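Q: sequence and predicted model, in that order:
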Number of protein chains: 4
Amino acid sequence: MGNTLAILTGGGDCPGLNAVIRGVVRSAVGLHNWRVLGIEDGFEGLIGKIRRRDLTLDSVSGILPRGGTILGTSNRGNPFSYPVTVNGKVELQDISDRVLQEFHKSGAEVLIAVGGDGTLKIAQGLYEKGLPVIGVPKTIDNDLRATDVTFGYRTAVAIVTEALDRLHSTAESHHRVMVVEVMGRDAGWIALESGIAGSADVILIPEIPYSVDRICAAIEQRRGRGLRFSIVVVAEGAVAAEGNKVVLQTAAENFGVERLGGVGHAVAQQITAQLDMEIRVVILGHLQRGGSPTPYDRILASRFGVKAVELIAQKKFGRMVALRGRKVVDVEIASAISQLNLVDPAGELVATAESLGIMVGR
Amino acid sequence: MGNTLAILTGGGDCPGLNAVIRGVVRSAVGLHNWRVLGIEDGFEGLIGKIRRRDLTLDSVSGILPRGGTILGTSNRGNPFSYPVTVNGKVELQDISDRVLQEFHKSGAEVLIAVGGDGTLKIAQGLYEKGLPVIGVPKTIDNDLRATDVTFGYRTAVAIVTEALDRLHSTAESHHRVMVVEVMGRDAGWIALESGIAGSADVILIPEIPYSVDRICAAIEQRRGRGLRFSIVVVAEGAVAAEGNKVVLQTAAENFGVERLGGVGHAVAQQITAQLDMEIRVVILGHLQRGGSPTPYDRILASRFGVKAVELIAQKKFGRMVALRGRKVVDVEIASAISQLNLVDPAGELVATAESLGIMVGR
Amino acid sequence: MGNTLAILTGGGDCPGLNAVIRGVVRSAVGLHNWRVLGIEDGFEGLIGKIRRRDLTLDSVSGILPRGGTILGTSNRGNPFSYPVTVNGKVELQDISDRVLQEFHKSGAEVLIAVGGDGTLKIAQGLYEKGLPVIGVPKTIDNDLRATDVTFGYRTAVAIVTEALDRLHSTAESHHRVMVVEVMGRDAGWIALESGIAGSADVILIPEIPYSVDRICAAIEQRRGRGLRFSIVVVAEGAVAAEGNKVVLQTAAENFGVERLGGVGHAVAQQITAQLDMEIRVVILGHLQRGGSPTPYDRILASRFGVKAVELIAQKKFGRMVALRGRKVVDVEIASAISQLNLVDPAGELVATAESLGIMVGR
Amino acid sequence: MGNTLAILTGGGDCPGLNAVIRGVVRSAVGLHNWRVLGIEDGFEGLIGKIRRRDLTLDSVSGILPRGGTILGTSNRGNPFSYPVTVNGKVELQDISDRVLQEFHKSGAEVLIAVGGDGTLKIAQGLYEKGLPVIGVPKTIDNDLRATDVTFGYRTAVAIVTEALDRLHSTAESHHRVMVVEVMGRDAGWIALESGIAGSADVILIPEIPYSVDRICAAIEQRRGRGLRFSIVVVAEGAVAAEGNKVVLQTAAENFGVERLGGVGHAVAQQITAQLDMEIRVVILGHLQRGGSPTPYDRILASRFGVKAVELIAQKKFGRMVALRGRKVVDVEIASAISQLNLVDPAGELVATAESLGIMVGR
């Protein structure tokens, strides 16, 4: 099987993408003597004239420790719903047939699609139209149920933890409350794990609606113990519990909170309304996606890349690689999409945080 | 001279403060067998009943690599202009006589004041009222003319450079313009040095009013060379040149730019208005003040601490320690205040940046 | 149960020990309102007059990110075999009865013993004599079968990977073979995982006897591809396969290899004997045990500490905490001792390394 | 002047070499529109058929944060003394005329030689034979008098300091003496600065012959204060004072110290002979030359690269770039060679270390 395979990376940037690419090339070229084509900028590179380049052993030399993706990535380029201008108006069209034609002209027989939910859905669609496809899951938020852990996630946790270590000294020296907004729209893994590792006092995650009163009580209690600073880690998807929603909205209206750009500022406003303490907000944003992957992420991503090639050798298409326990296995792409891996509010990790004296929202 | 000296740290947090404290204690206690009192929370700790604790060799053990200050710091507590409530109204009063009385009751004979412009002005005021005072300069922005370099500055540059290294991979993978706002209200040192070290494409500093047209031209030129991403580093005090002021104001009115919190967003808006590229803004904020000082800052701060004690031994009061070339010297506190060390727009460092192909604002 | 518990750390230093101590104290004191005694220097602190201090919430403040153990540790002090001088001669005696008496005089009712094989064996012995004991496993080599992962291990892998990243540039610039000796007397986990993450070309582990001929062939093959440098990672327990033993011994005799201190130098000698290339040896040694734990290790160690206290609350003595899959569980200390967790030469991780083009000894 | 220039890097690896190369290319190609040839592997690349490649803006993209040199380096290849086999015997011949002929055939008119003493001597020799040459100084030890600081030096200090931070926790937990051997054959800068920054207790440098008795006394004194661990930093060129030489030799004879590979082991043996404490030795070796340069070194190296091109534009040949105070200036290569920049035993830095309670050898 397979003299030529193609690989693309789609969706948001994530440390470990280069390690997947390198794993695929080293294994496909070095072991199987296949040819590997790198598609540029995700599915965008398949639209119109295909944009690709040969990936040799030399072209992946030195990329293991580097963040980002040498192939480029994009959130655009869905062939099943592509914006085309017709009579001066933009219409979304299904151009997948043309894309498949172009793909085959390149000589590639198989596609490895590395990406999140959006990328994998497109990959599944193309598979259903007959293209031999392998999926490699990618989400920095670790919110995909089909795999125990995703690469990039632990690097993000490491970056946030390092930031919390740094902010501690400033918070303590100035007796301030530091509100640190981190990634996590649906799942609070990054906030929870980096909050525990970075010695946060309060952690707010999407899975547990938070109570401003209880946050303020926790900060007050610390003050009672002579600790005049607190670190509050907030996932970007955190929401206030019923009783506080009103406060949130009012704060938004009065202070333009929402336009200020994030839940971090909203939480800061809510605390300020109740407590007389200096508060500062830090939004880590894109810093969390950048930089050299941790050893764990380099290894996991390399294993995913090697496994993807193995699946091609076994002609197991329509499958996605995944980590289960200590093993890299394969699952159906179809079954894997859209099933979220959320923090269990009644689970051990939240309980551990609470035993450590951390207030987890409620 | 001096069986007992007191030390306080005032103003914003800065990596190296603990190294100064340790240098003072190791030298005063270990070498001279003096007693050292640590005043808590800057001049605040001298208001009312003095808040202080004994600093022994043990109490400074292990603090060299740590950010922040074990003494706490504050921007409040000016004894020459202290808010006092009189008949229900807040008045600013000169309570320096009472402060000096309290100070002497503690048994301390000399004060080492570590801080920026504000702290040093108060120190000078107390010196003029007869208190033997030694100043140690502190500004993370490196904007004090009396000393060649200040501790904390290189740590801030290291943190920003690390952030730029991380953001590079994301900018490149996504073909984005990344606008990174860094500290520097009056002086652009942090932006300039970390911009050069972090391979920025555009650097905007307070000393050189910037032209949006030229920024956009630089980004376009890179695009022409096939480089579809750019990194723009903006000091918080950067301002647009005459012709662009209108744009800045309009952007502020239309988009609520100023309320968005910083020049970073303003610059992003201005670029967006001219170029069709994805832009992201990252504001590094308090991250720049935190964390373990670099070796250089640990050494410089230690030298400052040792020199401060030496000046006490020599009864050279009213003096401030400073770095001149490779030597730590002493200068008059009075002469040192408020003289800013700005980037020279015609100097070698800006010219070097330009020779490297970096657009420095103009 | 349990108004007062004692905790000690034994055996070699390991990042995460402080996080365990903090987890125990925060949970026992903060949640259960118990008293915690810290025993100094492992079982040494129980010999003679007990050496211990109260551990309060304050005394564990700030220790989470720090390596080492605030309690000190020791490899000595086995109460079942303690060196006592009798008539001028040193005898090993069982002094465990006296140790138990002293222990109870301190007011402590339960002991949490954090350590490796040696420490856990003593803990089990004391448990069999009636002392309520909880074990917390610790091995930087990750070679304990009772738990999926041990804290400290991933920090060691991170430190080695960082070193490999650094050595790469020098190896490449000078066209050298770099032999890097890492920890792992029985198990090759550190060498294998950091070798994959750090882009090693050859990895030698105790579980797979190595062939010098094949190492040299691998290096030669790289040279044929124009890659004039190679990185060889050697676990300290790596041994040459039958056919090479002679070479190893001869090298030792001729060059004093063994006295040079390690397998790293032996391997270097063996390669030098066959290839005309510059070789350099780096022995990472104690660097691998030091420094701030990674977020993963901080969290795992914290969970272990919290779980140990939970087991006390449930009066489940003679048990050891352990990680199984994603869960922290408890197992019998007795069953856990001496069962090694070795790398499976036929397992996925070795196969992945080989698919990536890495020569794993054979 | 100069449509085509050549650049080579010679001698030991050093962080910042790539930054120099990038500075030269960005300035020469981007600003002046010249052509730049990169010579491979130092002067080796000029022997026989010249080995070189074109350096474009693209070929230096992304190399600023990387250690090593993309051109390769070598300690061999002195054209004035090159080993040639004549009648089966190796003779050292002056082949510089042939080298110059080859050089000119490549089309290059000027040579930028980046390297240490050896490289600069060859460069000066070629200059004297008529080749337009510019020198860029490089020594990781910072031991060149012609420039205030050399790039790479601060990165080495940062790596050693980080190692000392890590070793502290292990030394303290185990109550050990840690002997850490660092670079510095003639000059003790790395040992002295990283020792101060990394909180060493004893620092041994070539400039101050050390006394074993005084080292042991310092360690004993700490023990008296309850501090049962000590960190001893030893420069590889450190030597014992007269009275101890005998001890050193005896130790070497008895224990094979010298063959163990370094002064670190010798010092450990000497301490062991007097004190009953656990001692461990760590030799940092090649780790000190690797890895990403610090921001300071990236900037200094970039400035050197830019200045070298400026000197070519001004036709100031036979000159070497150098840092003096805050300025990059140019000096005669001839005058710069072999003048060592040593630590002044009576200078401020040693005095500061001593005031901090550090024993500096004597």
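A: Yep, it's here. Numbers count the residues shown, from 1 in each chain, chains lettered A, B, ... in the order given.
Q: can you list phi and psi of whichever residue of the stretch 251-362 of chain A sits closest to chain B for me?
A: As assessed by C-beta to the nearest C-beta, chain B sits closest to A:Gly290 within the stretch 251-362 of chain A, at 3.2 Å. Bear in mind the C-beta positions are built from the backbone N, C-alpha and C, glycine included. Dihedral angles of A:Gly290 (phi, psi; degrees, to the nearest 10) stand at phi -100, psi 170.
Q: what is the burial count for the nearest residue to it once chain neighbours are set aside?
A: Once flanking residues are discounted, A:Gly290 sits nearest to B:Arg166: 3.2 Å by C-beta to C-beta, 6 or more residues apart in numbering or on different chains. Residues lying near B:Arg166 (other C-beta atoms under 10 Å in any protein chain shown) number 24.
Q: now do the one 3 residues further on
A: Look at B:Ser169: counted by other C-beta under 10 Å, it has 24 neighbours.
Q: looks like it contacts A:Leu17 (just checking).
A: No: the criterion here is C-beta atoms under 8 Å, and B:Ser169 misses it with A:Leu17 at 9.3 Å.
Q: tell me, what's touching the two both at once?
A: Here B:Ser169 and A:Leu17 have A:Gly68 as joint contacts, going by C-beta atoms under 8 Å, 6 or more residues apart in numbering or on different chains.
Q: quick check: domain ranges of chain A?
A: Using automatic domain parsing, the domains assigned to chain A come out as A:4-151+A:293-325, A:154-289+A:345-355.
Q: what does the stretch 251-362 of chain A have sitting close to chain C?
A: A:292, A:294-296, A:298-299, A:302-303, A:306, A:309-310, A:325-328, A:348-349, A:352, A:355-357 (C-beta under 8 Å from any C-beta of the partner chain).
Q: try it again with 10 Å
A: Residues of the stretch 251-362 of chain A lying close to chain C (C-beta under 10 Å from any C-beta of the partner chain) are A:292-300, A:302-307, A:309-310, A:324-329, A:347-349, A:351-358.
Q: can you pull up the most central residue in chain A?
A: Centroid-nearest residue in chain A: A:Ile140, 2.1 Å away (criterion: C-alpha atoms, centre = their mean).
Q: mind pulling up the pLDDT for it?
A: For A:Ile140, the pLDDT comes out at 95.
Q: pLDDT below threshold where in chain A?
A: Low-confidence segments of chain A (pLDDT under 70): A:1-2, A:242-261.
Q: where do the strands sit along it?
A: For chain A, strands defined by DSSP state E occupy the ranges A:4-9, A:35-39, A:52-54, A:82-86, A:89-93, A:110-115, A:133-137, A:177-182, A:202-204, A:230-235, A:279-283, A:319-324, A:327-332.
Q: counting by contacts, list what the last one packs against.
A: Judged by 3 or more C-beta pairs under 10 Å, 6 or more residues apart in numbering or on different chains; DSSP states H and E, strand A:327-332 is in contact with strand A:133-137, helix A:295-313, strand A:319-324, helix C:348-355.
Q: switch the cut-off to 8 Å
A: helix A:295-313, strand A:319-324 (3 or more C-beta pairs under 8 Å, 6 or more residues apart in numbering or on different chains; DSSP states H and E).
Q: for chain C, see how far away the nearest residue to A:Thr155 once chain neighbours are set aside is.
A: Spatial nearest neighbour of A:Thr155, chain neighbours left out: A:Pro15 (4.1 Å); criterion: C-beta to C-beta, 6+ apart. The gap separating A:Pro15 from chain C is 12 Å, by C-beta to the nearest C-beta, to the nearest Å.
Q: please tell me I have it right and A:Pro15 contacts A:Tyr296.
A: No: A:Pro15 sits out of contact with A:Tyr296 when judged by C-beta under 8 Å, with a separation of 10.6 Å.
Q: of the two, who's got more company?
A: Taking neighbours as other C-beta under 10 Å, A:Pro15 and A:Tyr296 compare with A:Pro15 leading, 33 against 24.
Q: in the stretch 251-362 of chain A, what residue lies closest to chain D?
A: A:Ser292 (9.7 Å).
Q: what is the burial count for the residue nearest to that residue when sequence neighbours are not counted?
A: Of all residues beyond its chain neighbours, the one nearest A:Ser292 is A:Pro65 (4.9 Å), with distances taken as C-beta to C-beta, 6+ apart. Here the count is done by other C-beta under 10 Å, and A:Pro65 has 21 residues near it.
Q: who are the contact partners of A:Pro65?
A: Applying C-beta under 8 Å, 6+ apart to A:Pro65 gives the contacts A:Ser292, A:Pro293, A:Arg298, C:Asp165, C:Ser199.
Q: with A:Arg222 instead?
A: By C-beta under 8 Å, 6+ apart, the neighbours of A:Arg222 are A:Asp201, A:Arg228, A:Phe229, A:Ser230.
Q: switch to 10 Å and redo it
A: A:Arg222 makes contact with A:Val177, A:Asp201, A:Val202, A:Arg228, A:Phe229, A:Ser230, A:Gly357, A:Met359, according to C-beta atoms under 10 Å, 6 or more residues apart in numbering or on different chains.
Q: check A:Phe103 too.
A: A:Ala6, A:Leu37, A:Ile39, A:Leu46, A:Ile50, A:Arg52, A:Pro79, A:Glu109, A:Leu111, A:Leu126, A:Leu131.
Q: where's it relative to C:Gly285, distance?
A: Distance from A:Phe103 to C:Gly285, counting by C-beta to C-beta, to the nearest Å: 52 Å.
Q: now do A:Leu57: how many residues are near it, please.
A: 15.
Q: same thing with A:Arg362?
A: Neighbours of A:Arg362 (other C-beta under 10 Å): 14.
Q: tell me if I'm right that it and A:Ala217 touch.
A: No: with contact defined as C-beta atoms under 10 Å, A:Arg362 does not count as touching A:Ala217 (11.6 Å).
Q: shared neighbours, the two?
A: Counting by C-beta under 10 Å, 6+ apart, the shared contacts of A:Arg362 and A:Ala217 are A:Ser211.
Q: residue contacts, the closest residue to A:Gln339 other than its chain neighbours?
A: Spatial nearest neighbour of A:Gln339, excluding adjacent residues (C-beta to C-beta, 6+ apart): A:Arg145 at 3.9 Å. By C-beta under 10 Å, 6+ apart, A:Arg145 lies in contact with A:Ala322, A:Ser335, A:Ala336, A:Ile337, A:Ser338, A:Gln339, A:Leu340, A:Asn341, A:Leu342.
Q: got the contact list for A:Ala187?
A: Counting by C-beta under 10 Å, 6+ apart, A:Ala187 has contacts A:139, A:141-144, A:205-207, A:235, A:237, A:340-343.
Q: quick check, nearest of those to chain C?
A: After measuring those against chain C - C-beta to the nearest C-beta - the closest member comes out as A:Asn341, at 11.0 Å.
Q: contacting residues around the closest one?
A: Each residue near A:Asn341 by C-beta under 10 Å, 6+ apart is listed here: A:139, A:141-150, A:186-187, A:189.
Q: pull out the buried members of these.
A: Neighbour-count burial (16 or more other C-beta atoms under 10 Å in any protein chain shown) applied to the contacts of A:Asn341 gives A:139, A:141-144, A:146-150, A:186-187, A:189.
Q: first to last residue in stretch A:326-345, what's the distance?
A: For stretch A:326-345, the separation between the terminal residues is 25 Å (C-alpha to C-alpha, to the nearest Å).
Q: that stretch: how far from the chain's middle?
A: Taking C-alpha atoms, centre = their mean, to the nearest Å, one finds the center of stretch A:326-345 at 14 Å from the center of the full chain.
Q: same question for stretch A:313-325.
A: 20 Å.
Q: can I get it as CSV, trimmed to CA atoms?
A: Output of stretch A:313-325 as CSV, limited to C-alpha atoms (Å, rounded to 0.1, in the frame of the first residue of the first chain):
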residue,chain,number,x,y,z
ALA,A,313,0.5,0.2,6.3
GLN,A,314,-2.4,-1.8,7.7
LYS,A,315,-4.9,-0.1,5.4
LYS,A,316,-7.1,0.9,8.4
PHE,A,317,-8.6,4.0,7.0
GLY,A,318,-11.3,6.3,8.6
ARG,A,319,-9.5,5.8,11.9
MET,A,320,-8.0,8.2,14.3
VAL,A,321,-5.0,7.6,16.6
ALA,A,322,-5.7,8.1,20.3
LEU,A,323,-4.1,7.5,23.7
ARG,A,324,-5.8,5.0,26.0
GLY,A,325,-4.0,4.4,29.3
